[in-house]
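K.L.:
what's the 3D shape of this:
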Amino acid sequence: MVLDQQKMAEEVKACQGSLATINENIAGVEKEKADVEGNFAASKTKWTEVMTNLQKKLQQPSPVCAHLKMGTDANGQCPKTVMQNTTKQENKKS
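P.N.:
Coordinates of the predicted model:
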């Protein structure tokens, strides 16, 4: 009976040691996860900002449009008002 208790006490110690090791591993993985999530959030914020800025630029007419004449192949890519203004200015010069 004493031997059984000693054996059980040793098994409990071994289990507690294993549990401590597992908890340390979990803590390390949770820290790594938190770091990755933090880096991801920062990167996502930066890329969202870049996308927003690019979308704003897409909404604005290209500076090239001011130099195109009506009837060119780029008509579909430039707002007509920009090209009409350019054409009017050229007509005034003539």
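K.L.:
what domains does the record give for the protein?
P.N.:
1-60, 62-94 (automatic domain parsing).
K.L.:
Mind telling me which of these the model trusts least?
P.N.:
Lowest mean pLDDT within the domains of the chain: domain 62-94, a mean of 62.
K.L.:
mind checking which helix or strand the most centrally placed residue in the chain is in?
P.N.:
In the chain, the residue lying closest to the centroid (C-alpha atoms, centre = their mean) is K44, at 2.6 Å. Here K44, judged by DSSP states H and E, is contained in helix 2-59.
K.L.:
just to revisit the earlier point, just say which of the domains of the chain is most tucked in.
P.N.:
When you average the neighbours per residue for each of the domains of the chain (mean count of other C-beta atoms under 10 Å), domain 62-94 leads with a mean of 12. C-beta coordinates here come from the backbone N, C-alpha and C atoms, glycine included.
K.L.:
picking that back up, do you know how far the residue nearest to the centre of the chain is from Q59?
P.N.:
To Q59, K44 is 23 Å away according to C-beta to C-beta, to the nearest Å.
K.L.:
Repeat that for L3.
P.N.:
83 Å.
K.L.:
Repeat that for M1.
P.N.:
85 Å.
K.L.:
for A27, same thing?
P.N.:
Relative to Q59, and taking C-beta to C-beta, A27 is found at 48 Å.
K.L.:
now do V36
P.N.:
34 Å.
K.L.:
repeat for M51
P.N.:
For M51, the distance to Q59 - C-beta to C-beta - is 13 Å.
K.L.:
go on, F40?
P.N.:
F40 is 28 Å from Q59, by C-beta to C-beta.
K.L.:
Equivalent analysis for K7, please.
P.N.:
On the measure of C-beta to C-beta, K7 and Q59 end up 77 Å apart.
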